[in-house]
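Colleague: pasting the sequence and the predicted coordinates here, then a few questions.
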Amino acid sequence: MVTLTINGKQIKAPAGEMLLETIRRQDIEIPALCHHAAVEPFGACRLCTVEITRQSWDGWKNYVTSCLFPVEEGLIVQTHSSEVTRIRCTILDLLLASSPNSRVIQDLASEYGILASSYVVDAAGDDCILCGLCTRVCSELGMNAIATVERGRLKKVDTPFSEPSASCIGCTICAQVCPTGHIRFEERGLKRKIWYKEFKLIACSECGRSLKLTPEMKQYFSERQQLPEDYLEQCADCKQKQTVDRFNRIIDRSEEVI
Amino acid sequence: MCIKNSRQLKQVQRDFLTRDKQFTRKALICCGTGCLANGAQAIVDEFRIVMKKKRITGFSFEAVRSTGCHGFCEQGPLVIIEPEGIFYTKVKTSQVTDIIDTTIRKGVVIERLLFTNPVDGQKITHYPEVDFFTHQQRIVLRNLGKIAPHDIKEYIGNGGYAALDKALRRMQPQEVIDEISRSGLRGRGGGGFSTGRKWQTCADVESEMRYVVCNGDEGDPGAFMDRSIMEGDPHAVLEGMIIAAYAVGANQGYIYVREEYPLAVIHVQKAIEDCREIGLLGKNIFGTEFSFDIRIARGAGAFVCGESSALMKSVAGEVGEPRAKYIRSVVKGLYDQPTVLNNVETYANVPIIIDKGANWYCKIGTPKSAGTKVFSLVGKVRNTGLIEVPMGITLRRIIFDVGGGIIDDRPFKAVQTGGPSGGCLPDSMLDLPVDFDTLTANGSMMGSGGMIVMDDLTCMVDVARYFLEFLVKESCGKCVPCREGLYQLHGLVQKVCAGQGSEQDLDRMEQLSEVIVRGSLCGLGQSGPNPLLSTLKYFREEYLEHILHRRCPAGVCRDLIIYTINEKCTGCGACVKPCADVAITGEKKKLHVIDQDKCTQCGACMAVCNFDAVEVH
Amino acid sequence: MENRFHVRPELCIACKSCELACAFTHSSLQGQPGKSRINIKVIKADESRLINTPLICLQCDEAACATICPTNALQWNLETGALVHHDLRCVRCHLCVAACPFGNIYFDPVTDYPVKCDLCDGDPMCVKFCPSGAITWLPLTEAEVNRIQPEINEEADTD
């Protein structure tokens, strides 16, 4: 355990923990768009920037992204100092200029008092803020179907050569973790379409309702997580019914026994 | 052949020198990229053809050496005749026979091929007498232009690998680190971090695997220091790396070379293969217990891959994006193992420090920045090229003594150091000593050694715009302040260039710059606004001139200038053809006129006019 | 002493108090009840008899939901013995829902995250609100004593 000061309050935190987790545990709200507990921290959006200093630093301050900075003994952290707020506001202002139509960005910016960007707004800008969550989750789970292509402002998330990717299993996790809802997929009945590729969905073997899983997912994850494939065949409702049936049989017999 | 002990190494050296002594004269032909572009290979081939026909005692084709870059690329192809050091510039194939007959056979100097001093118009016979070379102190570039880079025997013959022999046999790894620490060598890639301390940190981390990586991803526009060293003296880099690996206990090394440097790749690859063949790389180097090998990793030419963490990702085959370095790469770098990453020039310094000792080395330069620094001196100076000067030399001496002053004796305006992330320094700073700390304290930086000299015809707003444009294109796009911030900053500067800026825009630029500096993930963003901030600091009135009077004093910003034709016009019509906008009209032998509605201010007319008739306002 | 649920379907009167208690304890959005993690299922045993069964997560030792989860979003709370789903780590892949052999983990339609019984930090609210004693929260040994006879357990195990 290490002891540090956050906004004037002394706090203990387990060594090795990232500052952002410690701060959030104190119920202090700081935004972080590229952060997700399921993947390694990345430090792309820079919104979780905080001010750090130490007694020994003689008033010198540094600005670090809390999602990537491990807690240290004796650290003095300010999460909402005027400079931190200025950095955060400028970043939100910039994001609002590049993704003006994103609800998430609009809401977050207005929380910081920014109703319209003060920079040159890219009216055609899409909602992607290049936080990299989709590509990171796709690579950390081992699929590696999508990645960022190009660099700078031309950078975008895509499959290789904008073609259906053989390694895409249609799990839609990329869309699920997208903080701005930029990645979309279509799902109708037992069909799903994502990243130029169509998938069939597994139907419940009892009632025929969609399990929202593709056969590719079933195969991939049951092998990766080492769970027999036949676990993934029925919907929750049907399995509840079966459980009840089982209970009833037990009760019937127990009555007979008694 | 495999060298197993010091005696065998000395033998190779002796053999080479004995062979070399047979030649009464040698012709050193610069085959650096600059000279090759000027046709140096044809000169070498011509030598071969002519030599086939002639027989000269004490000279054979073996005495014709394709050497590395002299740094004086502007004057290429260069031919130097040793031992006199007769210096021929801009040599053509037709002159080769003459050189062989006159100079090599008889030792007579051919006057018309000599270099003319641009300052006083005098012909200079010998190569060390040229101003460009006299003011230099060549330590890192010691072999460049002297030896054939693709021949390991030449390197050994000139004392190469003696330092490695010394380190491996007579020094403990810790002693090597101590020696480098005492020498005061600082990283030449730009950061200026103490090399000895870096090695020490790496050696102290507990790990089974360590890596030594050489950063040869030189991306600054106009800079070619590392390129020339890799092309002209690859063994110096390898030797430095092997010594580094021995010091920190690494067994695998990588040289990261950008794909745009094909000759560097070829020469380094050849050097690695030669080293393996004689047992200087691979298992049991020099017959000792120490094993180490080097592989080349080729980069696809992204500027950001010169940043250490992005470079390591690129070597590992991932997308070259930087990561936050709260845990430093020397502790957790390539493949998450402790990694020593140094620049080409830093490694090239290592052998000579080990060879001559830290005490010798730290006397060169200044107490806090020891040694020399290689710069690529370009822009509006008379002598452009690659130079090596001791640290602490003033900018004035570099520009006016080595560089020979400004072209056409125009007034000096600014010098840009440190590449796109560096800053511009005005004439009031000309007497600043060039070292890591002074440059940084004055809003610029040493960087990897780019130095661009500008005269009064350079618009400083346009310079800031140019570098920002470069950085916007080269930003990896990972973090928001760099990707979006630099883009918006570029937009604001462009607004000023177009004469649409306001004074508030200047304040906004400064505020946004501060956030980019504080908020960005890696060095590219953190130093990205430097060209803007330094020009804004030293040349604010030029920005105000653009804003308040909609005037570009240097006559560069297209939206603020017009071209007109004055009465000097002879009506020759030379300007009509290059005008892509068909804006120039006029009868033959009569005054021509530019239609301002059609003109797009490209300046092509001004460039072709022989009578100074085209004016810019 | 570690506690276990002890469910006696024959005592359940299907009043659904447990469901309400659960829903209000796990409110998904401010002030709104969340999806209940305990469900009373009514099954026709035969023509004349209906059986009510409260269904709740069994906190399996080798839980299929936790095994299949690719991001480790289901983690044991060692103090309460509950296998807890952490929304922060979840990537909504639907695998856990499909994997549970008993259908005891499912999606909350409002938050779109999977929900399952978390034992209310060791003090299950459903038990407190059960008027008939159909669900009780007993120390392990006591629950063991009340358990139905071995041959029936065997049958249950094979399922």
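Modeller: Everything's here; your move.
Colleague: pick out the residue closest to the middle of chain C.
Modeller: With distances taken as C-alpha atoms, centre = their mean, chain C has C:Ile56 as the residue nearest its mean C-alpha position (2.2 Å).
Colleague: got the contact list for residue 68?
Modeller: This is for chain A. A:18, A:41-43, B:324, B:326 (C-beta atoms under 8 Å, 6 or more residues apart in numbering or on different chains). To be clear about C-beta, it is placed using only N, CA and C from the backbone, and glycine gets the same treatment.
Colleague: look at chain C instead
Modeller: Shown in contact with C:Ile68 (C-beta under 8 Å, 6+ apart): A:221-222, A:225, A:227, A:231-232, C:95-96, C:98-99.
Colleague: out of those, which is most surrounded?
Modeller: Highest neighbour count within those, by other C-beta atoms under 10 Å in any protein chain shown: C:Leu95, with 30 neighbours.
Colleague: in helices, which of the contacts of C:Ile68 fall?
Modeller: Under the assignment DSSP state H, the contacts of C:Ile68 contribute A:221-222, C:95-96, C:98-99 to helices.
Colleague: can you name the two of those residues that are farthest apart?
Modeller: A:Ser222 and C:Cys96 (12.7 Å; C-beta to C-beta).
Colleague: buried ones in stretch B:553-567?
Modeller: B:553-558, B:560-561, B:563, B:565 (16 or more other C-beta atoms under 10 Å in any protein chain shown).
Colleague: in JSON lines, list these along with pLDDT and secondary structure.
Modeller: Compiled in JSON lines, those are given as follows (pLDDT from 0 to 100; DSSP: H, G, I helix; E, B strand; the rest coil):
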{"residue": "B:Pro553", "pLDDT": "89", "secondary structure": "coil"}
{"residue": "B:Ala554", "pLDDT": "88", "secondary structure": "coil"}
{"residue": "B:Gly555", "pLDDT": "85", "secondary structure": "coil"}
{"residue": "B:Val556", "pLDDT": "87", "secondary structure": "coil"}
{"residue": "B:Cys557", "pLDDT": "88", "secondary structure": "coil"}
{"residue": "B:Arg558", "pLDDT": "84", "secondary structure": "helix"}
{"residue": "B:Leu560", "pLDDT": "85", "secondary structure": "helix"}
{"residue": "B:Ile561", "pLDDT": "85", "secondary structure": "coil"}
{"residue": "B:Tyr563", "pLDDT": "88", "secondary structure": "strand"}
{"residue": "B:Ile565", "pLDDT": "89", "secondary structure": "strand"}
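Colleague: which parts of chain B belong to which domain?
Modeller: B:18-128, B:152-361, B:372-458, B:461-548, B:562-617 (automatic domain parsing).
Colleague: who does whichever strand or helix holds B:Glu388 pair up with?
Modeller: If you go by DSSP states H and E, B:Glu388 is part of strand B:385-390. Here strand B:385-390 has these sheet partners by DSSP bridges: strand B:372-379 (antiparallel).
Colleague: got a list of contacts for the strand it pairs with?
Modeller: B:137-141, B:188, B:222-225, B:229, B:345, B:364-365, B:383-391, B:398-399, B:402-403, B:415-416, B:434, B:446, B:449-454.
Colleague: in ChimeraX, how would I select just the buried ones from those residues?
Modeller: Entered in ChimeraX, the line below selects the buried ones among the contacts of strand B:372-379, by 16+ other C-beta under 10 Å:
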select /B:137,138,139,140,141,188,223,224,225,229,345,364,365,383,384,385,386,387,388,389,390,391,398,399,402,403,415,416,434,446,449,450,451,452,453,454
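Colleague: of the contacts of strand B:372-379, which belong to strands?
Modeller: Secondary structure from DSSP state E places B:385-390, B:415-416, B:450-454 of those in strands.
Colleague: and stretch A:198-212, how far from the chain's centre?
Modeller: Put simply, stretch A:198-212 sits 26 Å off its chain's centre (C-alpha atoms, centre = their mean, to the nearest Å).
Colleague: export that stretch to CSV, keeping only CA atoms.
Modeller: Presented in CSV, the C-alpha positions along stretch A:198-212 are these (Å, rounded to 0.1, in the frame of the first residue of the first chain):
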residue,chain,number,x,y,z
GLU,A,198,-22.4,-11.0,-43.0
PHE,A,199,-22.9,-13.5,-40.2
LYS,A,200,-25.6,-15.9,-39.3
LEU,A,201,-26.6,-16.0,-35.7
ILE,A,202,-27.1,-19.1,-33.6
ALA,A,203,-30.7,-19.8,-32.8
CYS,A,204,-31.7,-21.3,-29.5
SER,A,205,-32.1,-25.1,-30.1
GLU,A,206,-35.4,-25.0,-28.1
CYS,A,207,-37.2,-21.9,-29.0
GLY,A,208,-35.3,-20.7,-32.1
ARG,A,209,-34.7,-17.2,-30.7
SER,A,210,-31.4,-15.5,-31.4
LEU,A,211,-28.6,-16.2,-29.0
LYS,A,212,-26.8,-13.1,-30.4
